[in-house]
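Enquirer: Fold the stuff below for me.
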Amino acid sequence: MLVMYLCFMKQKILYSLLILLTLPLLSRAHGYWMDIKGSGKIHQPVHIQICYGEIDEYSVRRREKGEELPFSGDFKVRIIDEEGKITSLPLRPLSDCWEAVFTPAKKGTYQILASNDVLPVVDRSKTGGKNVRPIDYLCAAYQVESSSSISKPIQFLDIITYTKGDLTIVKAFKNGKAVPDIKLRIFNPDNWEKELTTNENGEATFAALRKGLYIIRQDWIDPTPGMHKNISYTGIRHRCNYCLYVK
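Expert: Have a look, this model is predicted:
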């Protein structure tokens, strides 16, 4: 009996280690993000690139050029200045992304927002899974000779951030209201994932110790079934990716 028990425990430990080792691989998923390129100076152009891809086995975020790339062009991109003025930007296709360009005419912090509610249903019916309709939101803050922060959410799912000393405070919103006790996924510039839970004020805190792009992800599932582009679905997956650039 003792030998059987020891063998069982050995198998259990090996299985647990296998799960832990494969978790980073399992968490690598496709998604959209924004690459924002600019000098941070007034009257200098800002290039906003809507990208689609995944994190590969080497923890490198790679853009993809397959059949999903055209869907990036369906995002609606808006810029909002500190006075609340909204400017819609057209997208143009590049080889591995879709790009919008704007030139800030004044100093301040601009909200960069993008949303896509016409993505096709993820059809899992052939494998026995449930069909899900995705709706994606992208957001970021772009500072033009300014250190101010964004304070007001705009999109249905939205995220804003501000700094407090060496810490970054993340606040998650759904339909304009802060969302307490939800899970946020943070991908650092090395594309390692960390999970945070918002407090009663809808806030979570982490230290952005590396320079580069952090992606902060919030998901929410609406279980209401429906039909989209002649394909039925069991629910809507809303996803917001906040793109935080640390210099």
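
Enquirer: Dump stretch 84-96 to PDB, restricted to CA.
Expert: Extracted in PDB, the C-alpha atoms of stretch 84-96 (Å, rounded to 0.1, in the frame of the first residue of the first chain):
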ATOM      1  CA  GLY A  84     -13.100  66.500 -25.100                       C
ATOM      2  CA  LYS A  85     -12.900  67.100 -28.800                       C
ATOM      3  CA  ILE A  86     -13.300  63.800 -30.700                       C
ATOM      4  CA  THR A  87     -11.500  63.300 -34.100                       C
ATOM      5  CA  SER A  88     -12.200  60.100 -36.100                       C
ATOM      6  CA  LEU A  89      -9.200  58.800 -38.100                       C
ATOM      7  CA  PRO A  90      -9.200  56.700 -41.300                       C
ATOM      8  CA  LEU A  91      -7.100  53.600 -41.500                       C
ATOM      9  CA  ARG A  92      -4.900  52.600 -44.400                       C
ATOM     10  CA  PRO A  93      -3.500  49.100 -44.900                       C
ATOM     11  CA  LEU A  94       0.200  48.300 -44.600                       C
ATOM     12  CA  SER A  95       1.900  45.000 -45.100                       C
ATOM     13  CA  ASP A  96       1.500  43.800 -41.500                       C
END
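
Enquirer: mean confidence score for it?
Expert: Average pLDDT, stretch 84-96: 96.

Enquirer: Check what contacts that stretch and list those residues.
Expert: 48-51, 63-65, 69-70, 72-73, 75-81, 98-102 (Cβ atoms under 8 Å, 6 or more residues apart in numbering). Glycine gets a C-beta too; all of them are placed from N, C-alpha and C.

Enquirer: Any quick PyMOL command for the buried ones out of the residues you listed?
Expert: Only the buried entries of the contacts of stretch 84-96 go into this PyMOL selection, using 16 or more other Cβ atoms under 10 Å:
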select buried, resi 48+49+50+51+63+69+72+75+77+78+79+80+81+98+99+100+102
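
Enquirer: what about the closest residue to Lys164 other than its chain neighbours, helix or strand, and which?
Expert: Spatial nearest neighbour of Lys164, chain neighbours left out: Thr205 (7.8 Å); criterion: Cβ to Cβ, 6 or more residues apart in numbering. Per DSSP states H and E, Thr205 falls inside strand 203-206.

Enquirer: Buried residues of that strand, list them for me.
Expert: Neighbour count says strand 203-206 has 203-204, 206 buried, by 16+ other Cβ under 10 Å.
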